[in-house]
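# Sequence plus predicted model, see below.
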Amino acid sequence: MTSCTHLDHVRFTQLPESVDGCEECLVTGDPWLHLRICLECGKVGCCDDSPNRHASAHAQRSGHPLIRSLQPGEEWSWCFIDELGMLIPDVHGETRIPPSPLG
Ligand SMILES: [Zn+2]
Ligand SMILES: [Zn+2]
Ligand SMILES: [Zn+2]
């Protein structure tokens, strides 16, 4: 079984109370589907089913491997390097997010 060796990249263990949406889509006025947060720098990006895929673009550009879903009720995290989903019990909180512009 594979396991993620990048947990020392996790700097954000407390999720924000609320976010306004994908940071980059808000700037350009683009829609997003689901929101993810980078667990290394806290940047909020959109999922791979969104037109701009900002979360994975950020991971590639920055080398920050781990994201967590910000969708209500979703607690999974994902490592882009290992391509592995996991639960990280150290990450706490639930974030209020606006409804997706794409429904
Ligand atoms: Zn990993
Ligand atoms: Zn986006
Ligand atoms: Zn980051």
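Great, that's in hand. Ligands and ions are numbered 1, 2, ... in the order given.
# which residue ranges form the strands in the protein?
Counting by DSSP state E, the segments of the chain that form strands are 35-38, 44-46, 66-69, 76-79, 84-87.
# Could you point out which of these sits nearest residue 57?
Using C-beta to C-beta as the measure, strand 44-46 is the one of these that comes nearest residue 57, at 7.2 Å. Quick note: C-beta positions are derived from backbone N, CA and C, even for glycine.
# Do the lengthiest helix in the chain and ligand 2 come into contact?
With secondary structure taken from DSSP state H, the chain has its longest helix at helix 54-62. Yes - between helix 54-62 and ligand 2, judged by C-beta under 5 Å from the ion, the touching residues are residue 54.
# Counting by contacts, list what that helix packs against.
Packed against helix 54-62, as judged by 3 or more C-beta pairs under 8 Å, 6 or more residues apart in numbering; DSSP states H and E, are the following elements: helix 23-28, strand 35-38, strand 44-46.
# List the buried residues in the longest one.
Residues of helix 23-28 classed as buried by neighbour count (16 or more other C-beta atoms under 10 Å): 23-25.
# Fine by me, we can end here.
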